[in-house]
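Visitor: quick one: sequence and predicted model below, then my questions.
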Amino acid sequence: MDQDELYSKSVLETLLKTNRPPTDQETAIIRESMAPANAILNGVEVQITEMLAYIEELKSQVEQAETKLQRLREEEAAILEGFADHRLVFSPFRNIPEDVLREICIQACVDGDMPRICVYAEPMPYRLAKICRGMRYIVLTTPIIWASLHVEINAYSFSGLKRFEQGYSAFARRASAWFERAGGLGLTVSIKECSDTHAAFEYLFQSDPSTILVNTLTSYSSRWKELQIDSRCGNKLSPLMTRIAALTAVDLPLLQSVSLRLDCSHPDPPLHDSVLLKIPTLKRIKLETCNIRIFTVDWAILTSITLCGISDLCDWPSKSDITRILRQTKSLVFCNIAVGLGGLEEQYTDYVCLPSLKTLIVSERHFGSVTSEAPSILDLITAPFLEICHMYDQAVFDFADFFKWSPRIRKLSLPYGDEYMLFSNTMFFLSHCPALTELSLFPSDWDRNTVNGDGFLEAFVEGDPGVICPHLQHSEFAGTVDSSLYTLRLIVEGKQGDIAEPTVMSWKKVDVDIRGIEDTETRQRLLDHFLRNKAAGMDIRARG
């Protein structure tokens, strides 16, 4: 730094320490010291101006490029749109074999809810037929798609008798066309009569336009294989029920299954003495009604029966009614019954032997002031070849004798009671199920307090006389049961890997309810353990 620079710096520092203005000489000295920097500053400002001008030029170029890009994209879209038909031609969908497409259509239309004809929705076969000409051909030439139909008799929002007649005539034509497409296949027909429909027709028109549809449906009765009726007409005698009751075995040569859900309170219901439920071809019956005993049924020819009340209140069939019916059966394979238990005076000495029974579903419930000590209907049933048993809405009884008489049960749903019952009775029942492979346990009272289930759960993997249900591979334990981390880990590992006994089958699926485990750390450690087993390939689930 030369002498002039030092002097100007000294002058500047002196002035900064005072508030006085610089003298002319000092001003000249300071300005002279700033001259080199000002020259550089001027050069930088010129460059900034040039750069800003360059940026503006670039912005203009970007805008032009974006405009050109937009035009190219529009041109691309127009070209691709022109290829739409070409892409359809090369679509992988066209390479799916016709038999595979046909099976897809069958699964879409047959599995799940039955196709229905109504005002508010288009049935699945109609929607599939609109996809393309080829799909329409497949749908229309696959008879099984058209072999089932649900219709509803309802007071639709038509105005006037003529509109109702036109509406039901349209339904009848669609039903007729539907069944014709089924070829010669047996038909499944489901009919629902909505409440107050016929009362409204009678009040408004003094005639019932739904008879148009009923006549068409019954004209195909010779092809009915399964009939489902849900009638909620109260004390009104509907045209449908009158027509159905008048059908004979000659009219129904293929009928194998009848399902009736009736809330009928008519003093002389037409179906109670109809031959419909005595047709020799009949194999399966489902009755949901308030008074099962009034129906005349040939129970001896049936292989499947479902009997229950129409509500969950107080109209379940009595144990005496169900027992009387079961004693009349000869070759029952499937049985689903809801039983309203009577008092202790309902005593029976003869057993009900069901030698062909494979599946039994039982719901038993006490009503009103009936004592909880009323015996279970299972006390009377012997089913030596029973394989599947589900008990629901069930009071906890002594099922030991029933299980002794049914040693082949492999799939079981069973309620458990209080802590004492959980530890002793349920374990005792299951000790009579050596063939059991699937088990679902749930509390008979979902509102009861949490109980400890360690002793019960450990019995599935260890014990002095041997584990209970050694072939068990699918399990579900529901309810607020508290168990230790050790026990639940033992449940998982005691049937897996090196520590499992050689005579005990390994798990395929485990579903454990852990809502009863209140300790947060234990719950988290258990969840982590389950996740590790799940990652290793085990189908395991912790609920709650």
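Guide: Sure, I can see it. These numbers come from a predicted model, not from an experiment.

Visitor: phi first, then psi, for residue 385.
Guide: Main-chain torsions, residue 385, degrees, to the nearest 10: phi -110, psi 20.

Visitor: check contacts around it.
Guide: 355-358, 408 (Cβ atoms under 8 Å, 6 or more residues apart in numbering). Every residue, glycine included, has its C-beta placed from N, CA and C.

Visitor: need the helices for the stretch 201-350 of the chain, in chain order.
Guide: With DSSP state H, counting those that start in this stretch as the criterion, the stretch 201-350 of the chain has helices at 211-218, 239-246, 319-328.

Visitor: show me the contact partners of the first one.
Guide: Contacts of helix 211-218 with the rest of the structure, by Cβ under 8 Å, 6+ apart, involve 151, 153, 165, 168-169, 171-173, 175-176, 189, 191, 239-240, 243-244, 247, 251.

Visitor: now list the buried members of these.
Guide: Buried members of the contacts of helix 211-218, counted by 16 or more other Cβ atoms under 10 Å: 151, 153, 165, 168, 171-172, 175, 189, 191, 239-240, 243-244, 247, 251.

Visitor: now a PyMOL select for only the buried ones of the contacts of residue 385.
Guide: Filtering the contacts of residue 385 down to the buried ones (16+ other Cβ under 10 Å) takes a single PyMOL command:
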select buried, resi 356+357+358
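
Visitor: which one of the buried ones among the contacts of helix 211-218 is nearest residue 88?
Guide: The closest of the buried ones among the contacts of helix 211-218 to residue 88 turns out to be residue 175 (Cβ to Cβ; 34.7 Å).

Visitor: who's in contact with residue 522?
Guide: 484-485.

Visitor: residue 30 - how many residues pack around it?
Guide: Neighbour count for residue 30, taken as other Cβ atoms under 10 Å: 15.

Visitor: in contact with it, which residues?
Guide: Contact analysis of residue 30 by Cβ under 8 Å, 6+ apart lists 8, 11-12, 22.

Visitor: wait, which of the residues you listed is closest to residue 224?
Guide: Closest to residue 224, out of all of the contacts of residue 30 and judged by Cβ to Cβ, is residue 12, at 113.2 Å.

Visitor: chain neighbours aside, what residue packs nearest to the closest one?
Guide: residue 30 (6.0 Å; Cβ to Cβ, 6 or more residues apart in numbering).

Visitor: what's the answer for residue 220, then?
Guide: residue 179 (5.1 Å).

Visitor: pLDDT value on the one you found, please?
Guide: At residue 179 the predicted local confidence, pLDDT, stands at 96.

Visitor: which helix or which strand is home to it?
Guide: helix 161-181 (DSSP states H and E).

Visitor: after that helix comes which helix or strand?
Guide: Helix 161-181 is succeeded, C-terminally, by strand 187-193 (DSSP H and E).

Visitor: any idea of the mean pLDDT for that next one?
Guide: Computed over strand 187-193, the mean pLDDT rounds to 92.

Visitor: before we move on, what about stretch 231-246?
Guide: 78.

Visitor: and for stretch 65-72?
Guide: The average of the pLDDT scores along stretch 65-72 is 92.
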